[in-house]
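1. All I have is the shape, not the residue letters:
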């Protein structure tokens, strides 16, 4: 059910209007139906009253008389028992509408219609007819023994019977005048309910809904259109962090003010980001230049071990500085990802370490092509290998395909990471205990940077302790077909 | 603007342009110690006025300077004097490097740098400048071989499907040496000589090692190479036709 519930403003508004309209129209439909019912009932009662009054004034025909008359008339076709076909002919033949009977027409167990009885009694009273007994009932035509037996007897009547008469209802009203033993019986067909009213209501509902829909759509479009444009803009800005010319302030005031506020915000954020870039560039420059001077100056240190140590420290500083600057700059890279042979990328990074005589080996490598930013991904892998070497002594690198992901894994044989520290390891400036004690290497930005680079590629970094000891770090990159 | 030099006639003259005195001073000392003649300038304007009177063989230019920046000065130096130039920068992004090389700088060194490496680069740039002085085809022209493409500026190798094949700088230099001499037999000494540069120490290790790495990246079957073939009697040959197209 929730699946069909509209999510957009326009959809929900239209649904609300449709529901409201439906309820309103259902109520008025019900009222109209009731009114039609009342009208029909009143008409039936009036017809019955008319026949009763007619008989009171002209008490002649008893059922026997009728039969005689019918029998006589039948061959000549003189008696009117329903000439036409179909519903156009509503009433029963006059001789059936009013007659004299010896007993009450009420069948055993049949319910009396109290409301109609009261109405009828009132009408008769107004015409100066006081009834000693009045019985009214409504029954399906098919259950009326008299009409049924007539239909059996007379082919013409049978034709009408089949033509829909048997499915209708008939009101049977019987009146016994004071001092009389015989009953005056009237029969009036109940007209079928006018279904046209309901069709009218349905048509009205549809028409109203269409008009309201058009009006609502026009009004809401003035809101949703600028909103949609704003949403698209915000999404793009979140992705690129690039300010563009301000969005035109359209729509009703509520919306246009929101757009104006967004324009201001976007402008401010872009300015802040630009400032950050300029500042980082300046920091980079201001710190790296003295570092470069220091690096040149230590060449005059004569003690070779001292000089090597100094060079190493400067190199560490440079790397930390690079990590900080990179982390701040990531996501603003200008070069788009390119389809790249990951096997060659992994091999070239591993070879860098081999050249420095570090114990890094390739365990397994598949040829996989994926869209990546080569410089950044190289850096991410380099960081993982450096970590493995720092904490685990060795590094085993593998590249394989797992479903729709390329997995570059770096495994070491170190102590691993206690499970409770696993999440914290990805935070900036966090380092494993071992390194803090040894006081070596890095600002602790390596994993953070790697994770950020993977996020930029739509991938993820996973850390897990291996069962045989050591840590397994996985870079998972999505492979878009 | 001082002239810190005592020099033989044959000494190489280097123009150092950097606004940071803290770096300029030790660097001048070091370069002089290495036998260079050094001209010092603290700004682009100073560099221009020095060059009106004196002649330099090579310029070391810091990119980020107040006033006219290093890129603008470099463009001027190359256009007016065809002066070999190495850029010094505090940034380290590939795009910055490419911008620098695109305007015609010969090389690019990121601060902080190893002084020895800087000297190696100076020599290598001068060697190349001497070789290419005769007006070779454009340095930036791409190499094409059997659908593969090597962009020398970006050091970017793509296979016939257009997939990027990441290679190291050493591999790039070696591949370029092969592509510059297709179908010629290059012995190990010659290869070593041609690709020696920043990673000179790599080649203390065998050239063979580097060749086998390169093969792994560009050959379908590195045991049975198609492009880089071993020639009996010591050496290698690039066995494909190479064309050059403007980048």
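-> Done, it's in. Owing to the predicted nature of the structure, the values given are computational and were not obtained by experimental measurement. Residues are numbered from 1 along each chain as shown, chains lettered A, B, ... in the order given.
2. how far away is the residue most central in space within chain B from residue B:85?
-> The centre of chain B sits closest to residue B:107, judged by Cα atoms, centre = their mean, with a distance of 4.6 Å. In this view, residue B:107 and residue B:85 are 8 Å apart by Cβ to Cβ, to the nearest Å. All C-beta spots, glycine's among them, are computed from the backbone N, C-alpha and C.
3. The stretch 51-200 of chain A: strands as residue ranges?
-> Using DSSP state E, counting those that start in this stretch, the strands of the stretch 51-200 of chain A run over residues A:98-101, A:133-140, A:169-176, A:183-189.
4. Arrange those strands in TSV, one row each, with mean neighbour count and distance to residue B:188 as further columns.
-> Formatted as TSV, the strands of the stretch 51-200 of chain A follow (neighbours: other Cβ atoms under 10 Å in any protein chain shown; distance: least, Cβ to Cβ, whole Å):
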stretch	mean neighbour count	distance to residue B:188
strand A:98-101	20	132
strand A:133-140	18	114
strand A:169-176	22	115
strand A:183-189	24	119
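5. Same list, the ones you listed, but as CSV with distance to chain B and mean pLDDT please.
-> Output for the strands of the stretch 51-200 of chain A, formatted as CSV (distance: least, Cβ to the nearest Cβ, whole Å; pLDDT from 0 to 100):
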stretch, distance to chain B, mean pLDDT
strand A:98-101, 101, 79
strand A:133-140, 84, 88
strand A:169-176, 84, 87
strand A:183-189, 87, 86
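6. Save the ones you listed as JSON lines, and put in distance to residue A:150 too.
-> Below are the strands of the stretch 51-200 of chain A laid out as JSON lines (distance: least, Cβ to Cβ, whole Å):
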{"stretch": "strand A:98-101", "distance to residue A:150": "12"}
{"stretch": "strand A:133-140", "distance to residue A:150": "15"}
{"stretch": "strand A:169-176", "distance to residue A:150": "12"}
{"stretch": "strand A:183-189", "distance to residue A:150": "11"}
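7. How about the residues of the stretch 151-300 of chain A by chain B?
-> For the stretch 151-300 of chain A, the contact set with chain B under Cβ under 8 Å from any Cβ of the partner chain comprises A:281, A:284-285, A:288-297, A:299-300.
8. Can you verify residue B:150 is assigned to a helix?
-> No. According to DSSP: H, G, I helix; E, B strand; the rest coil, residue B:150 belongs to no helix; its state is strand.
9. what's the closest non-adjacent residue to it?
-> Excluding its sequence neighbours, the residue lying closest to residue B:150 (Cβ to Cβ, 6 or more residues apart in numbering or on different chains) is residue B:143, at 4.3 Å.
10. Next, the closest residue to chain B within the stretch 1-150 of chain A: phi, psi?
-> Of all residues in the stretch 1-150 of chain A, residue A:7 sits closest to chain B, at 40.5 Å by Cβ to the nearest Cβ. Main-chain dihedrals, residue A:7, degrees, to the nearest 10: phi -100, psi -30.
11. returning to that earlier point: quick one: which of the residues of the stretch 151-300 of chain A next to chain B is most hemmed in?
-> In terms of neighbours by other Cβ atoms under 10 Å in any protein chain shown, these top out with residue A:292 at 29 neighbours.
12. Kind regards, and thank you for your time.
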